[in-house]
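Colleague: can't give you the sequence, but here's the structure:
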């Protein structure tokens, strides 16, 4: 395994694994001349073009006109509350409703012309073009690793071998054929007919839910892509991988988002929302010295879930039959593509489905209800369990056996100790007969913090540092542990290139002794953002001045509206040289 330093946006390390195609045999961890970048590589993203800024100002004017229209419209509007999850794309621009709106929009238009016409725009950056060339290299595959341990470069043969480990499992995956075959076209027509039938049923059952209906009618038919994330953190002879099916524009995606709005209301009392909720529930509780801390992990939960049992679990939670039929449509339409070949997941839920977490919580709720009374404390976060047991070890082992036999195909692996265990990003341990916590960090963590020269806005860089400090304060019970993690964090940031003076100001803003959430007394406002890419140029400064001027001269102090400059994230290394699917050239090279 070789590592080379990149100074590019969010992802700053690249791991070279089995990098042995022709012309790439002499990869060094200290330089990237091999890839044509030189020994010191700090790519700068392409500076935004004229059209990008022009579109941003047009969007700002449209946002303000829509907000003004609905704030002052005297006509009766839809009574249905707006849910941003069901937002649909529209190019509608309302008429001017007030003189103030007209004046502000004219001022913004004149300001746009004055700063853009006089500005110069750079040509495309050659570094970005070189990175994109890696996408066309048929001998290699660049992928992000599991647990955010950096990007990896594999030979295409090795990557295909990792994928084949999953897709060769004929129990869970069925090979359909080419995406242009008649078999797949027939199956796609069947899926579309089921989709249309559900739409008609929804419109008849919920005639007043017009926003959701418009959202569901806009469903796309782009097949999800199957890819894997290598598990570099696992200690094994060969690298295993996590299968991902990115269903972002498939015909079931919007139904899955709709189902999330329904299933999030279903009560699953033993589930955790995050690791901080575990701290709030059990920290400083008294425990005996011989009690056991236990963690358990469900192996391949999403794949091993039975669709029939899931339907029964949903019925037991009083989910409507229509919503159950939507869930079955999602589960039975788990089609995806690898290369140009279409596959179907025969059972379970695809990891990438929006409603997968809710399905998992409901699927294991009866398991929780059955076993929770046997423990002093019991909680679950999706497929990770944490519980405290008081009793002899042989009884605990007996419970483990019963747990593994409770639901068919659901197998748990257990870790227990009378001293401490690791759960999520926490380590639970005993201190003076009380339950305490501290931050857990994996051995293989390479701490890829944003470097100071990354082209993110200054607020984004200082914000992630302050956010991490607040996390250390809240997740560490003992003051001594908070101090240790503060010092380690500072040392790692200094190694990334931050100055000591810059860090001192941010570290001083976080009180190491206060653990309660930061409360804000600021009243809520309607923010009208001007969304532009971040770049350290004159246009960015002028845009900030524009927002300040509008707030000062056009908005009253009591106004609920405020203009704000918001920044898009610039393309990072992952976006420039990684694709989910393999290319046609790679498919031809593999002869699949």
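Modeller: Received the coordinates, thanks. Given the structure is predicted, the values throughout are model-derived calculations rather than measurements.
Colleague: Give the closest residue to the residue nearest the centre of the chain in space, chain neighbours not counted.
Modeller: Centroid check for the chain by CA atoms, centre = their mean gives residue 352 as the closest residue, at 10.1 Å. Of all residues not flanking residue 352 in the chain, residue 245 sits nearest, at 4.3 Å (CB to CB, 6 or more residues apart in numbering). (Glycine included, C-beta is placed from N, CA and C.)
Colleague: Wait, the one you found touches residue 228, no?
Modeller: No. Using CB atoms under 8 Å as the test, residue 245 is too far from residue 228 to be in contact (10.4 Å).
Colleague: Comparing those two, which residue is more hemmed in?
Modeller: Set residue 245 next to residue 228 and count neighbours by other CB atoms under 10 Å: residue 245 wins out with 25 against 21.
Colleague: List the strands paired with the helix or strand hosting that one, with their directions.
Modeller: According to DSSP states H and E, residue 245 maps onto strand 241-246. When pairs are called by DSSP bridges, strand 241-246 turns out to pair with strand 225-230 (antiparallel).
Colleague: Not counting the partner strand itself, show me its contacts.
Modeller: For strand 225-230, the external contacting residues (CB atoms under 8 Å, 6 or more residues apart in numbering) are 17, 143-146, 152, 154, 159, 162-163, 166-167, 239-246, 336-338, 343, 580-581.
Colleague: Show me what whichever helix or strand comes after the strand holding residue 245 is packed up against.
Modeller: From strand 241-246 onward toward the C-terminus, using DSSP H and E, the following helix or strand is helix 253-263. Packing contacts for helix 253-263, counted by 3 or more CB pairs under 8 Å, 6 or more residues apart in numbering; DSSP states H and E, involve helix 210-217, helix 321-331, helix 356-363.
Colleague: just the strands in the stretch 51-200 of the chain please.
Modeller: Using DSSP state E, counting those that start in this stretch, the strands of the stretch 51-200 of the chain run over 140-144, 151-155, 173-178.
Colleague: Tell me which of the ones you listed approaches residue 279 most closely.
Modeller: Nearest of the strands of the stretch 51-200 of the chain to residue 279, taken as CB to CB: strand 140-144 at 29.2 Å.
Colleague: tell me which residues of the closest one are tucked away?
Modeller: Using 16 or more other CB atoms under 10 Å as the test for burial, strand 140-144 gives 140-144.
Colleague: which among those residues gets closest to residue 211?
Modeller: Residue 211 has its nearest neighbour among the buried residues of strand 140-144 in residue 144, at 34.7 Å by CB to CB.
Colleague: quick one: contacts for the closest one?
Modeller: Neighbouring residues of residue 144 by CB under 8 Å, 6+ apart: 11, 150-152, 229, 574, 578.
Colleague: give me that answer again for 7 Å
Modeller: 151, 229, 574, 578 (CB atoms under 7 Å, 6 or more residues apart in numbering).
Colleague: As CSV, these with distance to residue 455 and neighbour count would be great.
Modeller: Formatted as CSV, these follow (distance: CB to CB, whole Å; neighbours: other CB atoms under 10 Å):
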residue, distance to residue 455, neighbour count
151, 18, 21
229, 26, 19
574, 15, 15
578, 19, 18
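Colleague: so which of those residues comes closest to residue 433?
Modeller: The shortest approach to residue 433 among the contacts of residue 144 belongs to residue 229, at 41.0 Å (CB to CB).
Colleague: how far away is that closest one from residue 378?
Modeller: Look at residue 229 and residue 378: by CB to CB, to the nearest Å, they are 30 Å apart.
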